[in-house]
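In: got a predicted model here, sequence first, then my questions.
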Amino acid sequence: MNESVPSIHFLSAVDWPDTTLRCEEATWDAELIEPWRDLERRSFNATFFQSAGWCEAWIDAARACGAAETPRIATIWRGPTLVLLWPLTVRRLSVFRILHHLGEPATQYGDVLIDKREDRRALLDMAWKMIRSWHDIDAIELRRVRDGTILASHLARHRVRGSRASAPILDFRNLDAASADGQRTSRTRQALRRHERQLGEYGPVSFELVRRPEEQCLLLDHAFSLKRAWQQQKAADSAGYAHGASLGCLQRLAKEGDLLAAYLRAGDEIAAVEIGALNQRRYWSLVQSYDLRFSKHAPGRLLFWHLLERCPELSIDIFDFLAPAHRHKLEWSNAEVAIDDYLVPVSTRGYLAVSYLARVRPVLRECYRRLPVGLRQHASGFLRRLN
């Protein structure tokens, strides 16, 4: 327990037998998992990326690849009941210690688990005061916070700086028909059918769902191999794919039954792969990759087309393409979720860290993007060190 943040009494609208609230910095151990999972069932509007399953898989995978995390988990308890949990971690950036959401850079949405029966703003205020009291951190960097959440509203009240992006989604509840194809223009549908006919020149085109965990793990290996080949050719870089824990984390989730996987085959070859997490009728698209040999026939678009057609029978209400909002995602979506990155200095030297993260790093990234492909290939390692 952090001694600088005392237990307090809080008047809640819920009739609790014990109204004492206490803030604690929890350690990562097995005893926390069950209360964490129980809170997930009682929380409001948090995502799969705050679940115990996601965080545990990431921590184990990070340790296994030699990039062990230093979790800092903020919790608030009402008597014996966990009512808030904020999964965070500390990483070094040169001489600076930066507090992040646990699972960065793979965590796609940052948020806090809060019991929906509680005064969420009051609890978040308490948790914020607690993490601001951690004297061994220099700055707080909270990435991909969804607009409209309690966390976004809270951060907007502080002097923070960050950047904005958006994540396309397809909400099947807002479609007039039960088919995602219903909002495609006839021109788009004709183009997709033409691509499929051309892809068929390599052999029969088939779509397959992969449900067995061991087969999903093999497909993950293949998908990451395809992605590495694509990144090498395009001289593109992804912090998520590059992190040593990403593949191991997803393989752990596959073994736990948390993933949905699909592929498009042309003859005997896998042309494209799609893998994501499915939880509470919402799907998060985590991995998309395709074989460069078939790139001119848009295998990724074709795979999205087939998978989205099957979402109603898979009990998927919302298909979340995740950020960034690339064109191949936007063409299928009917809404977007705005997301923001927030930076908050904590120590005196934290102002230097925030200045670098908010001003210098974006300029360096833009310079990297403007380089010719050959130079980008040589500079990719440098770009990873900027994160």
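Out: Great, that's in hand. Numbers count the residues shown, from 1 in each chain.
In: ok, longest strand in this protein?
Out: Longest strand in the chain by number of residues (criterion: DSSP state E): strand 81-93.
In: for it, what is the distance to the chain centroid?
Out: 15 Å (CA atoms, centre = their mean, to the nearest Å).
In: can you pull the buried residues of that strand?
Out: Thr81, Leu82, Val83, Leu84, Leu85, Trp86, Pro87, Leu88, Thr89, Val90, Leu93 (16 or more other CB atoms under 10 Å). Placement of C-beta: from N, CA and C, glycine included.
In: repeat for stretch 36-54
Out: Using 16+ other CB under 10 Å as the test for burial, stretch 36-54 gives 36, 39-40, 43, 46-54.
In: what's it in contact with?
Out: With contacts defined as CB atoms under 8 Å, 6 or more residues apart in numbering, stretch 36-54 is touched by 32-33, 82-85, 87, 101, 103, 107-117, 120, 149-150, 249, 253, 256, 258, 277, 279, 282, 284.
In: who does the longest strand of the chain touch, helix- and strand-wise?
Out: helix 30-42, strand 71-78, strand 96-101, strand 113-114, helix 120-132 (3 or more CB pairs under 8 Å, 6 or more residues apart in numbering; DSSP states H and E).
In: nearest to Ala236, of the ones you listed?
Out: Ala236 lies closest to strand 96-101 among the helices and strands packed on strand 81-93, at 22.9 Å (CB to CB).
In: centroid residue for the protein?
Out: Gln108 (1.7 Å; CA atoms, centre = their mean).
In: surely it meets Trp284?
Out: Yes - the criterion here is CB atoms under 8 Å, and Gln108 meets it with Trp284 at 6.5 Å.
In: shared neighbours of the two, anything?
Out: Thr47, Phe49, Leu322.
In: re the thing from before, with distance to Trp332 added, can I get the buried residues of strand 81-93 in TSV?
Out: Shown next, in TSV, are these (distance: CB to CB, whole Å):
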residue	distance to Trp332
Thr81	41
Leu82	38
Val83	38
Leu84	35
Leu85	33
Trp86	33
Pro87	30
Leu88	33
Thr89	33
Val90	38
Leu93	36
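In: quick one on the thing from earlier: in CSV: the buried residues of stretch 36-54, plus pLDDT.
Out: Below are these laid out as CSV (pLDDT from 0 to 100):
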residue, pLDDT
Trp36, 97
Leu39, 98
Glu40, 97
Ser43, 95
Ala46, 84
Thr47, 95
Phe48, 97
Phe49, 98
Gln50, 98
Ser51, 97
Ala52, 97
Gly53, 97
Trp54, 98
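In: closest to Val337 out of those residues?
Out: Nearest member of these to Val337, counting by CB to CB, is Thr47, at 10.5 Å.
In: quick one, strands of the chain?
Out: According to DSSP E, the strands that the chain contains are 8-9, 20-26, 71-78, 81-93, 96-101, 113-114, 139-146, 164-171, 205-210, 259-266, 269-279, 282-290, 318-320, 335-345.
In: for Ala235, find the nearest of the ones you listed.
Out: Comparing the strands of the chain by CB to CB, strand 282-290 comes nearest, at 16.5 Å.
In: now the closest one - C-alpha only, CSV.
Out: Extracted C-alpha coordinates of strand 282-290, given in CSV (Å, rounded to 0.1, in the frame of the first residue of the first chain):
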residue,chain,number,x,y,z
ARG,A,282,-17.0,-7.5,-30.0
TYR,A,283,-14.1,-8.4,-32.2
TRP,A,284,-10.7,-6.6,-32.2
SER,A,285,-8.7,-7.1,-35.4
LEU,A,286,-5.2,-7.7,-34.1
VAL,A,287,-3.3,-9.3,-37.0
GLN,A,288,-3.8,-8.8,-40.7
SER,A,289,-1.2,-10.1,-43.2
TYR,A,290,-1.1,-11.3,-46.8
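In: where's the residue nearest to the centre of the chain relative to Phe48, distance?
Out: Between Gln108 and Phe48 the distance is 9 Å, computed by CB to CB, to the nearest Å.
In: shared neighbours of the two, anything?
Out: Residues within reach of Gln108 and of Phe48 at once, by CB under 8 Å, 6+ apart, are Trp284.
In: can you give me the helices for the stretch 101-250 of the chain?
Out: 120-132, 150-155, 186-199, 213-234, 239-242, 245-255 (DSSP state H, counting those that start in this stretch).
In: so Ile76 makes contact with Leu84?
Out: Yes - under the criterion of CB under 8 Å, Ile76 makes contact with Leu84 at 3.9 Å.
In: between these two, what contacts are shared?
Out: Common neighbours of Ile76 and Leu84, using CB under 8 Å, 6+ apart, are Leu123, Met126, Ala127.
In: sorry, back to before: any idea which of the strands of the chain is most buried?
Out: strand 113-114 (a mean of 25; mean count of other CB atoms under 10 Å).
In: I'd like to know which elements it is packed against.
Out: Using 3+ CB pairs under 8 Å, 6+ apart, strand 113-114 is in contact with helix 30-42, strand 81-93, helix 120-132.
In: of all these, which one is nearest Asp237?
Out: Closest to Asp237 of the helices and strands packed on strand 113-114, according to CB to CB: strand 81-93, at 17.6 Å.
In: with just CA atoms, put that closest one into CSV.
Out: Extracted in CSV, the C-alpha atoms of strand 81-93 (Å, rounded to 0.1, in the frame of the first residue of the first chain):
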residue,chain,number,x,y,z
THR,A,81,-14.2,-6.0,-3.0
LEU,A,82,-12.0,-4.8,-5.9
VAL,A,83,-13.8,-1.7,-7.4
LEU,A,84,-11.0,-0.2,-9.6
LEU,A,85,-8.0,-1.7,-11.3
TRP,A,86,-5.6,0.3,-13.6
PRO,A,87,-3.0,-2.0,-15.3
LEU,A,88,0.2,0.1,-15.8
THR,A,89,3.9,-0.5,-16.2
VAL,A,90,7.1,1.5,-16.0
ARG,A,91,9.7,1.6,-18.8
ARG,A,92,12.9,3.5,-19.3
LEU,A,93,13.5,6.0,-22.0
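In: good, wrapping up.
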